[in-house]
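generate a structure from the sequence data that follows.
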Amino acid sequence: MQIHLETERLIIREIELSDVDDMFEMDSDPEVRKYIDQSPNQKKEEITDVINFIRKQYEENGIGRWAVIDKKTQEMLGWCGLKFYREPLNGLVNIYEHGYRFKQKHWGKGYATESSKAILDWGFKNLNTEIIYAITHLENKASIHVLTKLGFELKEVFQYDENLECNWFELKKEDWKDFNQTL
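Modelled structure (predicted):
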């Protein structure tokens, strides 16, 4: 399934190998990686591996993280999308988790919210799921703000791994329908 969504300002499409420079700009920035349990990427080859991993998810699951492109400039601003977890995440399997990451220079411009609205709407209409989950670092106030603005409900704090606790959010399809009608 080839993904192509559009919003007022954005095009959302599959991440391609040609996105390596934009992905490297984003993922080599320590501030972008501050709340992620990984250090900044140092080499473009690492980004190529990430893109290949994401593309494999498209093949295996039909979805993954997608490139968010500015309609006017054609620049890749970051990514946003749904990831399917077959392995346990907070004790659950076969779930969809929503996430996003943007270049620092594009923070605070509403791109995470705008792209998320389109993707969540697509997800609830096209995937056989009643709930979409999201996780954030406990201190990532900007991400917490975006998720609550989208209608996600904070359910608990969970142990992501032995060194990291995270917030666990969920958004039910029925709540999205109600929320989406007020947009």
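
which helix or which strand is home to the spatially most central residue of the chain?
Residue closest to the average C-alpha location in the chain (Cα atoms, centre = their mean): G99, at 2.2 Å. Element membership of G99 [criterion: DSSP states H and E] is strand 95-102.

may I have the helix or strand following that strand as CSV, with CA atoms only?
Sequence-wise, the next helix or strand downstream of strand 95-102 (DSSP H and E) is helix 111-126. This file holds the C-alpha atoms of helix 111-126, laid out as CSV (Å, rounded to 0.1, in the frame of the first residue of the first chain):
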residue,chain,number,x,y,z
TYR,A,111,3.6,20.4,11.8
ALA,A,112,3.4,17.5,14.4
THR,A,113,-0.2,18.3,15.1
GLU,A,114,-1.2,18.8,11.4
SER,A,115,0.5,15.6,10.1
SER,A,116,-0.7,13.6,13.1
LYS,A,117,-4.3,14.6,12.5
ALA,A,118,-4.1,13.3,8.9
ILE,A,119,-2.3,10.1,9.9
LEU,A,120,-4.6,9.3,12.8
ASP,A,121,-7.7,9.9,10.6
TRP,A,122,-6.2,7.6,8.0
GLY,A,123,-5.3,5.0,10.6
PHE,A,124,-8.7,4.7,12.1
LYS,A,125,-10.4,4.6,8.7
ASN,A,126,-8.0,2.0,7.2
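
now helix 111-126: average pLDDT?
Across helix 111-126, pLDDT averages out at 96.
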